[in-house]
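*Asks:* sequence first, then the predicted structure, then my questions.
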Amino acid sequence: MIKKLLSWLASPLGKIGLLILSLIVISGAVWGIGQTQTVPEQPIDFPHSLHVGLGVQCLYCHPGSLKGPVSGLPTQTKCWGCHQQIAKTKTSALLAPLVQAVENNQPIQWVPVAMVPDFVRYNHRPHIAAGLNCEDCHGDVSKMTVYENPQVLNMGWCLNCHVEQAGEDEEKLIRLTDCGTCHY
Ligand code: HEC
Ligand code: HEC
Ligand code: HEC
Ligand code: HEC
Ligand code: HEC
């Protein structure tokens, strides 16, 4: 057992594994310290649960997730399409910032929560194409109000899933764990 492990560690793949392992520890520490686990204050306490419960699709509000790196957040025009017809909009304190944004024609300043640093290459497209669901990475948003990451989006998290996805396929493992796959 130990012999097997040692000879694996001495092999090229083992060396890569060791390097990756130590980098995960370092990068996890660096990114983990930078990211607090508390959810930031949003300009509107947007209830995901209510809207997803109404049957509004994720992609209606975040259409970019299928196309490229930026999913996008809805503008007030999209909210207003429904909310101008909803009586509560005029009286709800929760919705006052929306009414204000529409009246002043000023964008709502949502605070990004799901993000990786600029030096990381992330794109939704290959992930959705591989059959993953939003929930696999973003948690059960239908039970959230404002969005909250279910886990820290660090290198270890990416690599764990990539190693799992590669399974026994060594060519795929090399491709999905290659530094250049995720770093510019
Ligand atoms: C498909 C239609 C639709 C869209 C699009 C939509 N909403 Fe709503 N929203 C509703 C409905 C219906 C309710 C429930 C109204 C009620 O309780 O009378 C609601 C309720 C809310 C509430 C809770 C209000 C309260 O006082 O309880 C907030 C806040 C809200 N929406 C914000 C937004 C924002 C911000 C957007 C755009 C990002 C948006 N909505 C887009 C239909 C929509
Ligand atoms: C494989 C994991 C994964 C899956 C599956 C996934 N996401 Fe993401 N999502 C991420 C990561 C990582 C980021 C941060 C990206 C960045 O900083 O550029 C992100 C960012 C976002 C953002 C905010 C930043 C932006 O691009 O505007 C939204 C909105 C979003 N995702 C929506 C979705 C929706 C909707 C789905 C399902 C159609 C989905 N995601 C599926 C991992 C995933
Ligand atoms: C009616 C519009 C609407 C629908 C439907 C909706 N969202 Fe959102 N989403 C928003 C708004 C507004 C925000 C910004 C406020 C916040 O962070 O909660 C947001 C934020 C997010 C973020 C974080 C974005 C960032 O910049 O960090 C993710 C991830 C996300 N939504 C995923 C989903 C998923 C997955 C679904 C479907 C299960 C979904 N959303 C359905 C409006 C919507
Ligand atoms: C839940 C699982 C999962 C997570 C988490 C995940 N990925 Fe992926 N990733 C995949 C799958 C599946 C593929 C498609 C593999 C294939 O080509 O068969 C993929 C493909 C990719 C590709 C394209 C690779 C290529 O050769 O075309 C990049 C780049 C990528 N992921 C980056 C990231 C980054 C960066 C993160 C973390 C921020 C991340 N992924 C998190 C499952 C995941
Ligand atoms: C599957 C995607 C993925 C692969 C493959 C990957 N990384 Fe990363 N890496 C990330 C993400 C996401 C971050 C940012 C979050 C963090 O620090 O954990 C990161 C952060 C880092 C950091 C920390 C930088 C800092 O300032 O915090 C270093 C160093 C790094 N990666 C080097 C590497 C090297 C070297 C390889 C190849 C052995 C590699 N990465 C492979 C996704 C990946």
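*Replies:* Ah, there it is. Ligands and ions are numbered 1, 2, ... in the order given.
*Asks:* helix/strand/coil for the residue most central in space within the chain?
*Replies:* Geometric centre of the chain, nearest residue: Ala114, 4.3 Å, by Cα atoms, centre = their mean. At Ala114 the chain is in coil, as set by DSSP: H, G, I helix; E, B strand; the rest coil.
*Asks:* got the phi/psi numbers for it?
*Replies:* phi -90, psi 100 (degrees, to the nearest 10).
*Asks:* how about it: what's its closest non-neighbour residue?
*Replies:* Nearest non-adjacent residue to Ala114, counting by Cβ to Cβ, 6 or more residues apart in numbering: Asn149, 5.9 Å away. (Each C-beta comes from the backbone N, C-alpha and C, glycine too.)
*Asks:* tell me the SS of that neighbour?
*Replies:* Recorded secondary structure, Asn149: coil (three-state DSSP).
*Asks:* residues near it, how many?
*Replies:* Using other Cβ atoms under 10 Å, Asn149 has 16 neighbouring residues.
*Asks:* touching ligand 3 at all, stretch 134-141?
*Replies:* Yes - using Cβ under 6 Å from any ligand atom, we find that stretch 134-141 touches ligand 3 at 134, 138, 141.
*Asks:* in helices, which of the residues you listed fall?
*Replies:* 134, 138 (DSSP state H).
*Asks:* got phi/psi on the closest residue to Gln100 other than its chain neighbours?
*Replies:* Nearest residue to Gln100, sequence neighbours excluded (Cβ to Cβ, 6+ apart): Gln106, at 7.8 Å. The phi/psi pair for Gln106 (degrees, to the nearest 10) reads phi -120, psi 140.
*Asks:* ok, Gln106 - how many residues close by?
*Replies:* When neighbours are counted by other Cβ under 10 Å, Gln106 registers 10.
*Asks:* same check on Arg121?
*Replies:* If we define neighbours as other Cβ under 10 Å, then Arg121 has 12 of them.
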